[in-house]
Structures are given as C-alpha cells and as structure tokens.
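Q: give me a 3D structure for the following:
(4 chains)
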There are 2 protein chains.
Amino acid sequence: MGRKRTKSGKIRLAEVAEHAGVSPITASRFFRNPEALSVAKRARVESAAKELGYVPNLAARALASHRTEVIGVLIPSLTNNVFSDVLRGIYDASEGNRYSIQLSNTRYSILQEEKLLRLFLAQKPAGLIVTGIDQTAESHAMLEAADCPIMQIMEIGPNPVDMMIGFSHYDAARAAIAHLFEQGHRRIGFLGARMDPRVQRRLDGYQAAMKDAGLFDQRLIVATATPTSVTLGGALFTDLLAKSPDIDSVFCANDDLALGVLFECRRREIAIPEQIAIIGFNDLEFMASAVPTLTSVRTNRYEMGRMAATMLIDAIEGRRPEQPVLDLGFKVIERQSSPARRSDSRPGASGAGAANKMVALPSSHD
Amino acid sequence: MGRKRTKSGKIRLAEVAEHAGVSPITASRFFRNPEALSVAKRARVESAAKELGYVPNLAARALASHRTEVIGVLIPSLTNNVFSDVLRGIYDASEGNRYSIQLSNTRYSILQEEKLLRLFLAQKPAGLIVTGIDQTAESHAMLEAADCPIMQIMEIGPNPVDMMIGFSHYDAARAAIAHLFEQGHRRIGFLGARMDPRVQRRLDGYQAAMKDAGLFDQRLIVATATPTSVTLGGALFTDLLAKSPDIDSVFCANDDLALGVLFECRRREIAIPEQIAIIGFNDLEFMASAVPTLTSVRTNRYEMGRMAATMLIDAIEGRRPEQPVLDLGFKVIERQSSPARRSDSRPGASGAGAANKMVALPSSHD
DNA sequence: GTCGTTGGTGGTAGCGCTGTCAACGTTCCT
DNA sequence: AGGAACGTTGACAGCGCTACCACCAACGAC
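A: Just a heads-up that it's a prediction; the model follows:
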C-alpha cells in the first residue's frame, strides 16, 4: 500500500507528476516541449521520470493528440539492392529521435500502393515517404489531402505533392548513352527488366538519345516485365544478340543485368570492351570489383534516403525546407568495360553536360 | 442537423453501431470476433461499416485493450541480401491480416538490440521476431518476461526463448568442408567478414572439420570484422594467398566474398576450379550465373521469414505450434567451381550426413 | 497605481475503444 | 416442469494521455 498505482504496477504520467510534485499536465509538457517549463520543474520531472523508469504510453498519446509519431514508408521492393541503400539512409536519419518507421512494400503495384496509403493515412502518420511520382489519381488526391508532410523519393518530376528528392532517370540514361557515343559506339543495345516507371524513363532517355543521333533501332531494345536478376541479364543479352548481332555496346538498366551480361560474354568468349562495351546503372558495389570493372551511372541512394527522412522530420517539426524539391543528380563512373578510346579525350568525367551532374548537398543538420 | 458526429466528421464505432441499430459493444465485437454475433447482426454491422466507410482507430483500440497488432522485427542489417530475403518472407506472410510489421535494425550490436527491445516491449507488441540466439542476458530476461510470442530466426540453438526457426551454421560449414574433402581438397582456406555470431559459427564448423581431418592450420584463416562486400572478398583472398600460397580451395563465409574471390582469380589468372576451388554460403541468385558457376550452401531464407511470421501469428492467435523449434536445414549446391573429381562419386548431393539436410516443411496453413 | 502582457501552471473534459460483468432468451437435460 | 447451460447482447467504467481554456504572478507601459 505504498505508492498509488494502477493494478498493473505500471508507471503512468500521473505517478511521475506526483513524484515530481507537479501537475500531470506539466509533466506531460516536459516530454513534448521541455522549453515551456521553468528550469526547476524541468529538472524535477526529468529526475522523477528517470527514477521511476517511466515509459510513455504511445497509444494514449496518439488517442489524445490525434497524431502518431510514425513515419510511413512505401517502397516497391525489399529485394532490390537499390532500395536497401535508401532504407538504410532513412533508418539512419530516423535514429535517435522520437519517430519510428513503418515500412510497407507495394510490389511495384500502384493499386497496392493506394491500398496501403489508405491504411497508413488512417493511422494519422507524422509523415509519409512514397516511392516515385506515378501514383494513381486516387492516391494523389489522398496525399494532397493528407495533413502531414509527404516526401516523394527516387526521382523528380513536375508536380510534387509536397517535397521531392531524387534525380532524373531520363537525364541519367541520356548521360550513359552520351558516354558511349563519346567512346565511338553506335549500335547500342538496351536491356531492361521489371520496367517500372523509373526503368521506363531510362528507356525513354535511351530512345531520345538514340533518335537524336539518328541511330534508333527498335531491334536494339530488349525489355521485360520480369523482375531483375543476374541470370536474367544473361538471358536478355542472348535475346539481344539474336535480334542484333552487330551491337557494339549495351546499356543495362541496372547493375544486376550488367553483371549477367558480363558473365554471358565470358561464356561466349566475347571480349569486353573490345567487342562489346557495357554500362550499368546504379553503381552497386560489385561494379568496381568485377573483371573487367564495369562502368555505371552512380546514384546517391543512401543520401537520398537520409536526406528524405531528415527533411521530412524537419517539416514535421515545422522547419519547412527552403527548397522542397531536391535533385541529387548522378554521375557516370567510367571503368574498363567502356574505356575512353580516344587519347585526346579528357580523363575521368566526360564533357557531356548532364553526365557529371552532382548537386552539392546541404550539410546535415545535426 | 443530420447525423450525429464528432466535430471532425470522422466515423466512429458508435456511428456504425447506431447505423446498424446495435449497441457499440456489439459493433466492436464484430471487428474482433465476428463469430460471436448472430448472423443477422453480423450482416447489419458489416454493411453499416462499409456504407459509412468506417476505419477503426488503432490508438484507441490499443489503449483500451492494452495490446497492439504490431509485430516487431529486429534484424542486424538492411543492406545484407540475406536479410532482405528473410524480410520479404515476413512481409509476405503478414500480408492480408491485421498485423503490421515494425522493423528496426540493430547494426550487429547486441547492446543496440537490447535498447530496441526495450523500446518495442514498451509498445506491447503482438509478437516479436529477433535475429539469432546471442542476446545479452538482460535482453534474454526481457524476452522471457514478455507476454507475447517470441520468434528467434536465422539459426537454431539449445535454449529457445519461445519459438525458433533456422538452421545450424556449424553443420552447414562442416558440410561445405566435407564437400571439398570429397573432391580431394586438403588445403582449404577460410574467408570471413563481419564475423557476427553466425559467421563465427561457420568458422567453428570449418575449424572442427579441419581439425577432425588433421588438416587444421591457422594460416588458412582470414577473418575480419569489416562488413562484407565483393571487393573485400578479393582483398581477403589476396591476404590468404600471401599467408598460404599453397591453398587448393577456399570456403567463403558468404557469397559476396566468393564472387570477389572469383574476380580476384580472374585478375591473377588463377584457374577455377583447376588451381583453386571455391564454395560460398547462402546461394544467392548470382552464384548460378557466374562463370564458372559457383558452388554454395543453399539456405532457405525466404521460407525462414515466411514460416517465422506465419508461426508467430498463429501463436499470437492461440494456435501454438506442436513443434516450437524448426530446423530448415541447408543444402550444398555443387557447381563448376568445385566439381566432383572422382567419377565414382555419386552425382548431386554428397554422401556426407549433414550435407543434404533439407527438412520437410509443414504445408502453409491458408 | 492600474492595465495589459507574458511566461508558467493547473483543472476539466474528453480522445474512441474494449474489459468486465450482468442480463436476457433459448435450448437441453434430468 | 425445473433448472442448468449456452449463446447473445448491452451498460458501465475506464485505458493514459493531451487540447483547451483559465488562471496566477511578475513585469513594464501609461
């Protein structure tokens, strides 16, 4: 019969307040807005909470405040390495603060995305991170109507719902093709898997570049809705060779495909880059390690996730970014699979306008 | 003035009940335990809910019931492909039911794990999935005391907190070495990165196998705490060659390292498998596609995640498994990087006891 | 000295739902 | 026929916290 408690023995805010000699509401304020308290009470509540081992009840808080401290994240895939880097950035940025991440995967279906969005929104999240800019009209309307900050990631486009962080897959693909043009390649194949909107835009960039150069040929394109894999890269390359035996290079819409092409070339004893040059997309870690090392378009995935979560949290807490749309750019990383052929060309970064488009990042705020 | 509502215009359970002509509590029961209602009322509530577009308030539910419908998942890494497969299984299994997944990563730190565990437990999760069996004493105590089902995944061990699903990394490593022995290899190197508990147990298995055969040599082992990567595989292999130039084969504690070794061999013009045989671990997709194709120990990661979530949900809902510890086994997949040398050996699965230890899976319950 | 203003504090009244228990009608058993 | 047992329903009282508003002291402006 010592201290007053609920039957469960759980420490509630009321116990902390009593222990600190303040009213419950003052104790409550301590956790939400400590600056509003006098220094003396702040210290008293703090030590009382620590002493009692108080753990706030999030459900009660959510119920009373009509808000949660959950950041919802919708990504299309958990398998794809690309997203794991982004996720790592998001989790890193959300660590150490009050927000918790709730992750769902849409499996590349915008209908599934719409469903999950509805689910998330019903929980009144503090903020939302969604992948891409191709939501259904319904989803878009829900996002517009949501009373929390929204971050769209992975690419940038004309009509941000709220904030946006990514890069132009179209420009990146054009830069990749420009790089191959520079090396003197003309019969450039395209290999694409999954063909989600971002891969589609890479294809668009490829087509535009080829058409501009008067080199477009439908037979150079092999694209499938099948999920990507290294094995698939070999298979698609085989298809490409059958359609267009005279190709001199391949642009792979992602690095797994590029690795598959590398192995398929080994199998067929096709010399890289002498007979076929290869360029991938994303610049995953293994690209620098392969034999020969593989050229790729580097994208800033970790940074994208980290910045997205950081900006989102800032926005949730009222610190709106001066610039809601951030282009993180990309960079063609030239390696042995597509080396400069002409000795007069500058080494390293190519001269093509967009090819070296690294945007300076605002410094991290902590 | 029309229907009675809260100021926000939100549909609450009370509105649904009124619309259906039942009491709020009956409506509540409809969502938790429909079988308890008479067929007539069930239908009335159902249509009322649908008509009004009712969305339950999870915070209120959690507050009143002292429970949530969150399944907490603690994994060491988001980058590692191994976990992304497991996660995919978990998400797949949790789809379509009421539970939502809350993911956190411990970054391979058991102290961080303990901290996160405390955080999760405070939220009264419906269930918890944790990685491995090497929790701190404190963590273990918390898990034991938790009033929700607990699932430990990735490996199996002697003292399950509750349920457990995985396989023996020790046995799997022994099977890998047994396979190399069968091909006549004697100077077998070991390459390990990160050296988390599971990799450590693979090393233990390697050492035991080598000692049993009288072939153990400390100079055959190269292990580092550095996170794994393909590039690292090449570097570790370089170290190994410097320490033991006479090796005839390498057991890589994961497939990224194996791929790095493959490339390093290419660079050094070492013939695989003639000069060096390679065996990896996990059997990631690219292993079957490499040139030469790479032998590996297949582990059932997706299945592990799917089964873990399925069994956990069953346990949450009172359907306790007859068998709380499930060994999903492994299988040595023999490929070109370590082909059978003796024509008299049986093809495919080796004869070694543990080498082909695939446990039959209980059929999925839906 | 009065008035407004500010910073700090507390009281009241819920947030939307469910646990508990009581009560009812119906069926089945003896 | 009486009673137990069951299935179904409802009333009530919170769960633990915060929004809202009221209040009080301290201060400066006039």
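
Q: excluding sequence neighbours, find me the nearest residue to A:Asn300.
A: A:Leu328 (4.6 Å; Cβ to Cβ, 6 or more residues apart in numbering or on different chains). Where C-beta positions appear, they are placed from N, C-alpha and C, glycine not excepted.

Q: how's chain A carved up into domains?
A: Listed by automatic domain parsing, the domain ranges of chain A are A:13-56, A:65-167+A:302-327, A:169-298+A:330-356.

Q: hmm, back to that, now do the contacts for the residue nearest to A:Asn300.
A: A:Leu328 makes contacts with A:Ile165, A:Gly166, A:Phe167, A:Thr299, A:Asn300, A:Glu303, A:Met304, A:Met307, A:Val359, A:Leu361, as judged by Cβ atoms under 8 Å, 6 or more residues apart in numbering or on different chains.

Q: taking those residues one by one, which sit in strands?
A: A:Ile165, A:Gly166, A:Thr299 (DSSP state E).

Q: before we move on, the earlier item: dump the domains of chain A into a markdown table; add mean pLDDT, distance to B:Gln207 and mean neighbour count as well.
A: A markdown table is the format used below for those (pLDDT from 0 to 100; distance: least, Cβ to Cβ, whole Å; neighbours: other Cβ atoms under 10 Å in any protein chain shown):
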| stretch | mean pLDDT | distance to B:Gln207 | mean neighbour count |
| --- | --- | --- | --- |
| domain A:13-56 | 89 | 44 | 16 |
| domain A:65-167+A:302-327 | 93 | 32 | 20 |
| domain A:169-298+A:330-356 | 92 | 28 | 20 |
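
Q: okay, those in CSV with distance to chain B next?
A: Listed next are the domains of chain A as CSV, based on distance: least, Cβ to the nearest Cβ, whole Å:
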stretch, distance to chain B
domain A:13-56, 4
domain A:65-167+A:302-327, 4
domain A:169-298+A:330-356, 4
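
Q: where do the strands sit along chain A?
A: Using DSSP E, strands in chain A cover A:70-75, A:100-105, A:127-131, A:150-153, A:163-166, A:188-192, A:221-223, A:249-252, A:277-279, A:296-299, A:325-327, A:330-333.

Q: quick one: list the elements packing against the third one.
A: Spelled out, that is strand A:127-131. strand A:70-75, helix A:110-122, strand A:150-153, helix A:301-316 (3 or more Cβ pairs under 8 Å, 6 or more residues apart in numbering or on different chains; DSSP states H and E).

Q: in its sheet, what does it sit against?
A: Using DSSP bridges, strand A:127-131 pairs in its sheet with strand A:70-75 (parallel), strand A:150-153 (parallel).

Q: got the ones you listed as CSV, with distance to A:Glu285 columns?
A: Shown next, in CSV, are these (distance: least, Cβ to Cβ, whole Å):
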stretch, distance to A:Glu285
strand A:70-75, 20
strand A:150-153, 21
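
Q: now for the ones you listed, which one comes closest to DNA strand C?
A: Within these, the stretch nearest DNA strand C is strand A:70-75; the backing value is 16.9 Å (Cβ to the nearest atom of the strand).

Q: how close does the closest residue in space to A:Phe181 that isn't next to it in sequence get to DNA strand C?
A: Excluding its sequence neighbours, the residue lying closest to A:Phe181 (Cβ to Cβ, 6+ apart) is A:Ala213, at 6.5 Å. Separation of A:Ala213 from DNA strand C (Cβ to the nearest atom of the strand, to the nearest Å): 61 Å.

Q: how about A:Leu116?
A: Using Cβ to the nearest atom of the strand, A:Leu116 is found at 20 Å from DNA strand C.

Q: quick check: that residue touching A:Leu74?
A: Yes. Contact criterion Cβ atoms under 8 Å: A:Leu116 and A:Leu74 qualify, at 5.8 Å.

Q: which residues are common contacts for these two?
A: By Cβ under 8 Å, 6+ apart, the residues touching both A:Leu116 and A:Leu74 are A:Ser104, A:Thr106.

Q: got the contact list for the closest residue to A:Gly21 other than its chain neighbours?
A: With Cβ to Cβ, 6+ apart as the criterion, A:Gly21 has its nearest non-adjacent residue at 6.5 Å, and that residue is A:Arg44. If you count contacts by Cβ under 8 Å, 6+ apart, A:Arg44 has them with A:Ala20, A:Gly21, A:Val22.

Q: alongside DNA strand C, which residues does chain A contribute?
A: Residues of chain A lying close to DNA strand C by Cβ under 7 Å from any atom of the strand are A:22-26, A:29, A:35-38, A:40-41, A:60, A:63-64, A:66.
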